[in-house]
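Colleague: Here's a sequence, model it:
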Amino acid sequence: MKEKGKIRHGLAYQIFTFFVLSLLITDIISFYVIRNMVTSNVMAERETIAHGVAKDVDSSIQEYESYAWVIIYLFDHEHDDFDFEYDKTDETVEKTAEFLKDNPGFDIKNATPDDLNALSPEDQQKYVEIVYNAWIMRFNELKAAYNAEYIYILATDDNFDEDIFLVNSNGGTNERGTELGQSYIFGVRVTNNPDQKETFSGLKPEVDETVYTTGYMDSYHYNFKLNGMNVLTGMTFTTTDIQSHVKNQTIKFMIAFVLLQTLFIIFCRFMLYKYVIKPVLGITNSVKQYTKDKDGEPVKKSLEAIHPDNEIGSLSTGIYEMVCEIEDHVEEIKSVTAEKERISVELDLAQKIQADMLPSIFPPFPEQNQFDIYASTDPAKEVGGDFYDFFMVDDDHVALVMADVSGKGVPASLFMVVAKTLIKNYAMMKLPTSEVLTRVNKQLMEGNDEGMFVTVWIAIIDIHTGEGIASNAGHEHPVLRHKDGSFELIKYRHSMAVAMMPGVPFEQHDIKVLPGDRIFVYTDGLPEARNGEKVFFGTDRMLETLNREPDASGQQMLKNLIDDMNAFVGDEEQFDDVTMLIFDYYGNDNEK
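Modeller: Down below sits the predicted model:
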């Protein structure tokens with residue numbers, strides 16, 4: 001009884017905990033969803049207000065015919081020293097009185113361009129300052145009415161490359177740095193960044209653009225085109241107060257929601273025990289009995305008594321059927337295990353066959369004293385796609401091949417066999433390296449529905465003179481060391497990898513090795529080996545290892561590379577095949 005009570009409590013606790021956590025996650029998600037919905041609605045309302053404010057500003061600067069003249073005047077006198085007021089009208093009132101005294105009967109609001117052009121330059125500037133102050137006062141009223149942070153007017157060219165600021169209700173003060181909603185005092189020219197150009201280019205007379213940044217909402221409105229410039233209205237609103245209001249309302253709603261959920265959890269706890277936990281305990285006891293006795297008959301009787309007309313009953317039926325199938329599955333597992341062992345043996349055999357296809361006897365040409373070769377390969381899987389090859393084309397020329405097939409495993413190994421065979425066959429026809437790759441490319445493209453390809457470095461060298469030709473089809477740069485020198489990468493333009501595209505031309509270039517020179521070629525598995533921090537072994541470390549013992553034997557040098565690479569990689573799994581080859585040239589001096 002004690003054990004049953006413990007199990008019952010544990011099962012109830014687990015289900016209850018899971019249920020509570022699920023509701024908690026739901027609450028969190030609901031909080032953000034509700035908050036975002038409310039925020040979206042409030043912001044949409046603010047955008048509507050911004051459009052209305054922009055229309056009001058538009059009407060204010062086009063209210064009288066003379067106002068267009070004022071804007072043109074501002075364009076033409078952007079560098080003049082104006083006396084503008086931003087938050088008061090004291091000087092403007094005096095300025096207006098002086099202006100009317102000097103120009104009796106002048107109608108300030110209904111003046112025509114001809115009337116304004118007839119004024120003296122001093123009175124023209126004074127008139128502009130009077131109108132400008134009227135605009136500023138109107139902008140300040142709009143700011144106060146709609147709680148706007150900034151209202152300003154600017155003009156930009158048709159390419160939206162540069163702006164000139166005309167009116168700014170803030171007198172040029174601004175705390176926003178250089179963001180999209182920056183505003184300046186009259187006459188300041190600024191160069192637009194890409195975001196500003198994109199925003200301004202989308203403006204149309206009835207289509208405003210709204211941009212959100214941290215804590216701000218910027219709205220832009222197209223007013224009209226004047227004097228070759230597009231006149232725009234910009235407004236900025238703070239969103240802090242809106243977000244605070246939205247957050248408070250959302251929290252209140254969530255508190256009520258959580259209280260309802262608490263009552264719901266209590267009710268569900270009772271229902272879970274009665275209709276889920278108790279029947280599941282019966283199933284659990286039946287399973288324990290079967291695992292102990294391995295006798296299905298008493299288990300069947302026990303499971304049939306557990307409400308077969310609901311999901312728990314279906315579970316008990318399913319467990320019974322599972323017991324009946326276990327023995328069949330055991331036999332199947334034995335068969336699968338035997339098959340896997342057979343496949344493993346076959347893969348081991350395939351690896352051995354693949355290794356046997358690569359030259360493995362060193363020195364490979366003991367009768368040739370002009371050169372020596374050593375190579376090795378280490379596949380990332382049981383079989384791989386890297387391969388090397390070297391063979392005598394005739395009595396005077398040796399061919400060197402280093403290649404890397406795309407992909408890994410059995411498909412890459414099969415493609416490797418075909419590519420290796422074709423390369424050797426065409427090279428033995430004494431064709432130039434470019435022609436060898438051209439013909440191999442044509443052959444491999446036939447039936448290559450999987451889109452596999454192979455990178456190849458191939459060189460054919462005269463063993464008496466050291467002269468030869470080489471081609472590189474998308475492979476790694478070879479490394480060369482002159483006698484008594486250091487290893488260094490030999491970089492030149494590559495051709496495209498073989499079997500990537502039909503009819504691709506392959507380039508070749510002349511090479512010359514001198515007695516005592518060494519050529520080292522490799523696949524990308526060496527420089528691209530990565531450690532636990534995803535850092536590549538790289539060509540710099542590779543060259544450092546080569547130059548540490550530059551006169552070591554080919555076998556020792558490749559061992560040094562493998563040791564350094566493994567030390568760098570550590571416990572990380574080998575990602576790619578690693579294949580390397582060293583060619584030592586002695587020439588006819590026989591200084592082997």
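Colleague: residue boundaries of the helices in the stretch 151-300 of the chain?
Modeller: 194-201, 240-272, 278-293, 296-304 (DSSP state H, counting those that start in this stretch).
Colleague: Output these as a markdown table; include the columns distance to Thr96 and mean pLDDT.
Modeller: Backbone N, C-alpha and C define where each C-beta goes, glycine included. Formatted as a markdown table, those follow (distance: least, CB to CB, whole Å; pLDDT from 0 to 100):
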| stretch | distance to Thr96 | mean pLDDT |
| --- | --- | --- |
| helix 194-201 | 35 | 82 |
| helix 240-272 | 37 | 73 |
| helix 278-293 | 90 | 72 |
| helix 296-304 | 100 | 67 |
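Colleague: mind putting the ones you listed in a markdown table, mean neighbour count included?
Modeller: Below are these laid out as a markdown table (neighbours: other CB atoms under 10 Å):
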| stretch | mean neighbour count |
| --- | --- |
| helix 194-201 | 15 |
| helix 240-272 | 13 |
| helix 278-293 | 15 |
| helix 296-304 | 16 |
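Colleague: quick one, which of the ones you listed is nearest to Thr438?
Modeller: Nearest to Thr438, of all these, is helix 194-201, at 46.1 Å by CB to CB.
Colleague: So what pairs up with His397 in the strands?
Modeller: Beta-bridge partners for His397, by DSSP bridges, are Asp462.
Colleague: If I look at it, what pLDDT would I see?
Modeller: Note for His397: predicted pLDDT of 96.
Colleague: What about Thr239, how many residues nearby?
Modeller: Neighbour count for Thr239, taken as other CB atoms under 10 Å: 18.
Colleague: Which of the helices of the stretch 151-300 of the chain sits closest to Gly516?
Modeller: Closest to Gly516 of those is helix 194-201 (CB to CB; 57.6 Å).
Colleague: so which of the helices of the stretch 151-300 of the chain comes closest to Lys534?
Modeller: helix 194-201 (32.3 Å).
Colleague: can you list contacts of that closest one?
Modeller: 156, 160-161, 163, 180, 192, 209, 211, 220, 230, 232 (CB atoms under 8 Å, 6 or more residues apart in numbering).
Colleague: Isn't Ile34 up against Phe253?
Modeller: Yes - shown here, Ile34 and Phe253 form a contact pair, counting by CB atoms under 8 Å, at 6.4 Å.
Colleague: Quick check: closest non-adjacent residue to Trp135.
Modeller: Val167 (5.5 Å; CB to CB, 6 or more residues apart in numbering).
Colleague: my guess is the one you found contacts Ile153, does it?
Modeller: Yes - if you go by CB under 8 Å, Val167 and Ile153 touch, sitting 4.2 Å apart.
Colleague: Give me the common contacts of those two.
Modeller: 61, 135.
Colleague: could you pull out the helices for the chain?
Modeller: Ranges of helices within the chain are 2-61, 65-76, 90-102, 113-117, 121-146, 194-201, 240-272, 278-293, 296-304, 311-357, 409-427, 433-445, 538-548, 554-569, based on DSSP state H.
Colleague: Kindly compare burial across those and name the winner.
Modeller: Among those, helix 433-445 has the highest mean neighbour count (mean count of other CB atoms under 10 Å), at a mean of 22.
Colleague: contact partners of it?
Modeller: The contact list for helix 433-445 (CB under 8 Å, 6+ apart) reads 415, 418-419, 422-423, 426-427, 431, 453-454, 456, 458-460, 469-471, 473, 495, 498-499, 501-502, 504-508.
Colleague: Just the CA atoms of it, as PDB, please.
Modeller: Written as PDB, here are the backbone C-alpha positions of helix 433-445 (Å, rounded to 0.1, in the frame of the first residue of the first chain):
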ATOM      1  CA  THR A 433      46.700  18.000 -68.600                       C
ATOM      2  CA  SER A 434      44.000  20.400 -69.800                       C
ATOM      3  CA  GLU A 435      42.900  17.900 -72.400                       C
ATOM      4  CA  VAL A 436      42.900  15.100 -69.900                       C
ATOM      5  CA  LEU A 437      40.500  17.100 -67.600                       C
ATOM      6  CA  THR A 438      38.400  18.100 -70.600                       C
ATOM      7  CA  ARG A 439      37.800  14.500 -71.600                       C
ATOM      8  CA  VAL A 440      37.300  13.300 -68.100                       C
ATOM      9  CA  ASN A 441      34.700  16.100 -67.600                       C
ATOM     10  CA  LYS A 442      32.800  15.000 -70.700                       C
ATOM     11  CA  GLN A 443      32.700  11.300 -69.500                       C
ATOM     12  CA  LEU A 444      31.700  12.100 -65.900                       C
ATOM     13  CA  MET A 445      28.900  14.500 -67.000                       C
END
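Colleague: Distance from the chain centre to that helix, please.
Modeller: Centroid separation between helix 433-445 and its chain, computed with CA atoms, centre = their mean, to the nearest Å, is 36 Å.
Colleague: quick one: that helix to helix 409-427, angle?
Modeller: 140 degrees (axes from the mean of the first three to the mean of the last three CA atoms, to 10 degrees).
Colleague: Could you list the low-pLDDT ranges of the stretch 51-200 of the chain?
Modeller: Applying pLDDT under 70 to the stretch 51-200 of the chain picks out residues 170-183.
Colleague: what does the stretch 351-500 of the chain give?
Modeller: Using pLDDT under 70, the stretch 351-500 of the chain drops low at 351-355, 381-384.
Colleague: which residues in it form strands?
Modeller: Using DSSP state E, counting those that start in this stretch, the strands found in the stretch 351-500 of the chain span residues 371-378, 386-392, 397-405, 454-462, 467-473, 479-481, 488-489.
Colleague: circling back: quick one: the residue nearest to Trp135 and Val128, what's the gap?
Modeller: 11 Å (CB to CB, to the nearest Å).
Colleague: roughly how far apart are Ala68 and Met235?
Modeller: To Met235, Ala68 is 22 Å away according to CB to CB.
Colleague: again with Asp123
Modeller: From Asp123 to Met235 the distance is 33 Å (CB to CB).
Colleague: Kindly report the same for Ile463.
Modeller: 82 Å.
Colleague: correct me, but Ile458 touches Val393?
Modeller: No - applying CB under 8 Å as the test, Ile458 and Val393 come out as separate, 11.1 Å apart.
Colleague: More neighbours: the two, which one.
Modeller: The neighbour count for Ile458 versus Val393, taken as other CB under 10 Å, is higher for Ile458 (28 against 17).
Colleague: wait, what's in contact with the more buried one?
Modeller: Counting by CB under 8 Å, 6+ apart, Ile458 has contacts 399-402, 423, 427, 433, 436-437, 470-471.
Colleague: Look up the residues forming beta bridges with it.
Modeller: With DSSP bridges as the rule, Ile458 is bridged to Val401, Ser471.
Colleague: if I look at it, how far off is Ser40?
Modeller: 64 Å.
Colleague: Same check on Gln125?
Modeller: 48 Å.
Colleague: now Ile108
Modeller: Ile108 is 45 Å from Ser40, by CB to CB.
Colleague: Check Thr250 too.
Modeller: Separation of Thr250 from Ser40 (CB to CB) stands at 13 Å.
Colleague: same check, this time on Gly447
Modeller: Gly447 is 57 Å from Ser40, where distance means CB to CB.
Colleague: Equivalent analysis for Glu446, please.
Modeller: 59 Å.
Colleague: follow-up on the earlier one: could the helices of the stretch 151-300 of the chain go into JSON lines alongside distance to Arg138?
Modeller: Listed next are those as JSON lines, based on distance: least, CB to CB, whole Å:
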{"stretch": "helix 194-201", "distance to Arg138": "24"}
{"stretch": "helix 240-272", "distance to Arg138": "24"}
{"stretch": "helix 278-293", "distance to Arg138": "75"}
{"stretch": "helix 296-304", "distance to Arg138": "84"}
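Colleague: So for Asn560, which of these sits nearest?
Modeller: Among the helices of the stretch 151-300 of the chain, helix 194-201 comes nearest to Asn560, with 51.4 Å by CB to CB.
Colleague: Alright, calling it a day.
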